[in-house]
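K.L.:
Test case, fold it:
(one chain, ligands or ions: 1)
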Amino acid sequence: MATLATRAERAEVAAPFLIEQDWKAYTPEQHATWAELVGRRMPQLRAHACREYLDGFEQIGLREDSLPELSAVSARLAPRTGWESTPVSGFLPPDAFFAMLAARMFPTTTWLRSRESMEYTPEPDIFHDVFGHVPMHANPVFADFLEQYGKVCAGLTDPDDLERMGRLFWFTVEFGLIRQDGGVKVYGSGLISSHGECSKAIAGGCEVKDFDLDAVLEQRFDTGAMQPVLYAVESFEQIYEAAKQAERRLG
Ligand SMILES: [Fe+2]
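P.N.:
Numbering: from 1, shown residues only. As a prediction, the model looks like this:
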């Protein structure tokens with residue numbers, strides 16, 4: 001497990017984008033917005049999110065009534081998987097993003113959407129990043145997969161290969177499904193954090209295909225539309241293996 005010093009060195013390219021989270025600056029209104037966002041999502045997620053997400057939510061100490069303090073989340077993750085939830089200023093250039101993932105640092109925004117855009121924001125906010133993504137980082141297999149994903153992408157230069165790997169990210173980390181307990185459960189952050197996307201997926205509004213690396217690498221997507229096709233894995237080992245296979249196949 002990397003120490004903080006070696007982590008920062010390994011992700012030095014991301015240094016200009018790292019910020020401090022000023023947790024005390026969040027207003028009561030913002031904590032109330034967070035509480036409403038979490039409160040709206042949890043009933044559906046208790047029924048339709050995968051076990052690993054729900055376990056991770058408890059393990060990292062997320063609360064319904066107040067915005068998360070990222071240092072506390074990272075302290076909970078450290079003994080489990082060594083991941084940290086690292087505050088950043090916004091979208092990162094690809095090399096910085098991949099370097100951070102490879103160092104088990106998840107680039108995490110600290111701003112929160114307003115009440116006027118509860119369902120959707122064009123750029124990720126702390127609700128999408130922490131509520132949507134970070135609970136999965138407490139799962140050891142998913143944690144290994146995400147680091148491996150960052151390492152593979154950090155080694156690629158061909159834009160076509162990077163586009164293909166972007167599809168792997170989209171159909172797993174952002175919009176992934178898993179077959180579990182006789183049904184299809186959600187684990188991708190875009191489904192976890194969006195009531196509309198998740199409702200469509202669990203109501204049969206998307207074609208659900210069995211995860212297949214070759215198919216996913218060629219599956220185009222539209223970030224601005226609801227997803228017509230999603231991929232379901234049998235286990236998280238499957239995407240870890242896929243990321244390792246992608247390393248052998250691309251670049
Ligand atoms: Fe995301």
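
K.L.:
how far is the helix ranked longest in the chain from where the chain is centred?
P.N.:
Using DSSP state H, we find that the single longest helix of the chain is helix 28-48. On the basis of Cα atoms, centre = their mean, to the nearest Å, helix 28-48 is displaced by 17 Å from the centre of the chain it belongs to.

K.L.:
So which other helices or strands are in contact with the next helix or strand after that helix?
P.N.:
The first helix or strand that comes after helix 28-48 along the chain, using DSSP states H and E, is helix 51-59. Helix 51-59 sits against helix 28-48, with contacts defined as 3 or more Cβ pairs under 8 Å, 6 or more residues apart in numbering; DSSP states H and E. Yep, even glycine has a C-beta here, placed from its N, CA and C like the rest.

K.L.:
cutoff 7 Å now
P.N.:
Using 3 or more Cβ pairs under 7 Å, 6 or more residues apart in numbering; DSSP states H and E as the contact test, no helix or strand touches helix 51-59.

K.L.:
next SSE after it?
P.N.:
helix 70-77.

K.L.:
What residues of that next one count as buried?
P.N.:
Buried residues in helix 70-77, counted by 16 or more other Cβ atoms under 10 Å: Leu70, Val73, Ser74, Arg76, Leu77.

K.L.:
How about residues contacting the longest helix of the chain?
P.N.:
54, 64-67, 112, 115, 118, 127, 131, 185-186, 192, 195, 198, 202 (Cβ atoms under 7 Å, 6 or more residues apart in numbering).

K.L.:
contacts for the helix or strand bottoming out on mean pLDDT in the chain?
P.N.:
Here the helix or strand of the chain ranked lowest by mean pLDDT, DSSP states H and E is helix 4-10, holding a mean of 74. Identification of contacts with helix 4-10 by Cβ under 7 Å, 6+ apart yields Ala2, Ala99, Ala102, Ala103, Met105.

K.L.:
In helices, which of those residues appear?
P.N.:
Reading helices off the contacts of helix 4-10 with DSSP H, I get Ala99, Ala102.

K.L.:
from the contacts of helix 4-10, which single one is nearest Tyr26?
P.N.:
Met105 (22.2 Å; Cβ to Cβ).

K.L.:
Now do the SS call for the residue nearest to that closest one when sequence neighbours are not counted.
P.N.:
Of all residues not flanking Met105 in the chain, Thr86 sits nearest, at 4.3 Å (Cβ to Cβ, 6 or more residues apart in numbering). What DSSP: H, G, I helix; E, B strand; the rest coil gives for Thr86 is strand.
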